[in-house]
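Student: make a model of this:
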Amino acid sequence: MPDTQTAAPESLSKSQKAYHWIKQRIASQEFTPGYRLVLGSIAGDLDMSVVPVREAIRQLEAEGLVTFERNVGARVSMVDDSQYRFSMQALSILEGTATALSARRLTHEDIARARAVNERMIQTLDHFDPRSFTALNQEFHATLFEKCANPRMLELVRAEWARLGHLRDSTFSFVPGRAAESVREHENILQLIESSAPLGEIEKVARRHRSATLDAYMIHEHPDETLGLPAF
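Tutor: Next up, the predicted model:
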């Protein structure tokens, strides 16, 4: 998903510019897990002092993307399988709710745009590229939840998407077979929104859609564990 928090450059403070600059490089794997973030070097690259860079690092630390150790400094957080599971569980609840709260605000144009993205996802299945599929998947879901009127909910959803971008380049790299199921579920969500289904039903289906991806991953990577999402 494109960084939905990115504002026009002239409207960003220096700390916000540093925050987005660093986060983009973490998401693109340019800054890999364990990479040391040298404040002076980053400040030099961005032509600013270390003060706004330090503020950006603190924000990224609060999101779990960066860890800070005394006498060591800031590093990109290491990938933790349990953290991936926790983020997916949280996102299933948060995104399901945000999608439901956004549903009545979506226009016919919004639905058409989401369906067009899903069609592009379907077209990629024959020559599957997990990273491209994941980017389209993020775009699809952003179209459905971005009109949520609760700004705090949107902030939490975006934060979990950012964490997932660091923890896993693409879940579909591990479970490519899940992709075909995912696009079918997307169409089901769109039909529920188009038919003005009860918001509780939209929330439940959107949440189960996310949890099904986690369950597929857990079965593939940890077949001996049964820690899928609880049924609500």
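Student: and the nearest residue to Glu55 once chain neighbours are set aside, what pLDDT?
Tutor: Of all residues beyond its chain neighbours, the one nearest Glu55 is Ser15 (3.9 Å), with distances taken as C-beta to C-beta, 6 or more residues apart in numbering. C-beta: built from backbone N, CA, C; applies to glycine. In this model, Ser15 is scored at 93, pLDDT.
Student: what is the three-state secondary structure of Ser15?
Tutor: Under DSSP: H, G, I helix; E, B strand; the rest coil, the three-state class of Ser15 is helix.
Student: which residues touch Gln83?
Tutor: With contacts defined as C-beta atoms under 8 Å, 6 or more residues apart in numbering, the neighbours of Gln83 are Gly64, Arg163, Leu167.
Student: next, the residue positioned nearest the centre of the chain: phi, psi?
Tutor: What sits nearest the mean C-alpha location of the chain, by C-alpha atoms, centre = their mean, is Trp161, with 1.8 Å. Main-chain dihedrals, Trp161, degrees, to the nearest 10: phi -60, psi -40.
Student: state the distance from it to Glu139.
Tutor: Applying C-beta to C-beta, to the nearest Å, the value for Trp161 to Glu139 is 11 Å.
Student: output the below-cut-off pLDDT ranges for this protein.
Tutor: Counting by pLDDT under 70, the ranges of the chain that qualify are 1-10, 79-80, 166, 168-169, 224-232.
Student: domain-wise, how is it divided?
Tutor: Following the TED database, one finds the domains of the chain at 14-76, 81-221.
Student: which parts of this structure are helices?
Tutor: 14-27, 39-46, 50-62, 81-103, 108-123, 130-145, 151-167, 178-194, 199-221 (DSSP state H).
Student: nearest to Phe68, out of the ones you listed?
Tutor: Each of the helices of the chain has some distance to Phe68 by C-beta to C-beta; the shortest is helix 50-62, at 5.6 Å.
Student: so which bits of that closest one are buried?
Tutor: Buried residues in helix 50-62, counted by 16 or more other C-beta atoms under 10 Å: Val50, Pro52, Val53, Glu55, Ala56, Ile57, Gln59, Leu60.
Student: ok, and what's touching it?
Tutor: Contacts with helix 50-62, where a contact means C-beta under 8 Å, 6+ apart, come from 13-19, 21-23, 26, 37, 39-40, 42-43, 46, 66-68, 74.
Student: let's see that with 6 Å instead.
Tutor: The contact list for helix 50-62 (C-beta atoms under 6 Å, 6 or more residues apart in numbering) reads Lys14, Ser15, Ala18, Tyr19, Ile22, Leu39, Ile42, Ala43, Val66, Phe68, Ala74.
Student: those residues: which two are farthest apart?
Tutor: Most distant of the contacts of helix 50-62, by C-beta to C-beta, are Lys14 and Phe68, 19.8 Å apart.
Student: looking at the two now, which is surrounded by more residues?
Tutor: Neighbour count, other C-beta atoms under 10 Å: between Lys14 and Phe68, Lys14 has more, with 17 against 13.
Student: any idea how far apart the tips of stretch 75-87 sit?
Tutor: End-to-end distance for stretch 75-87, by C-alpha to C-alpha, to the nearest Å: 20 Å.
Student: what do you get for stretch 75-85?
Tutor: Distance across stretch 75-85, first residue to last, is 22 Å (C-alpha to C-alpha).
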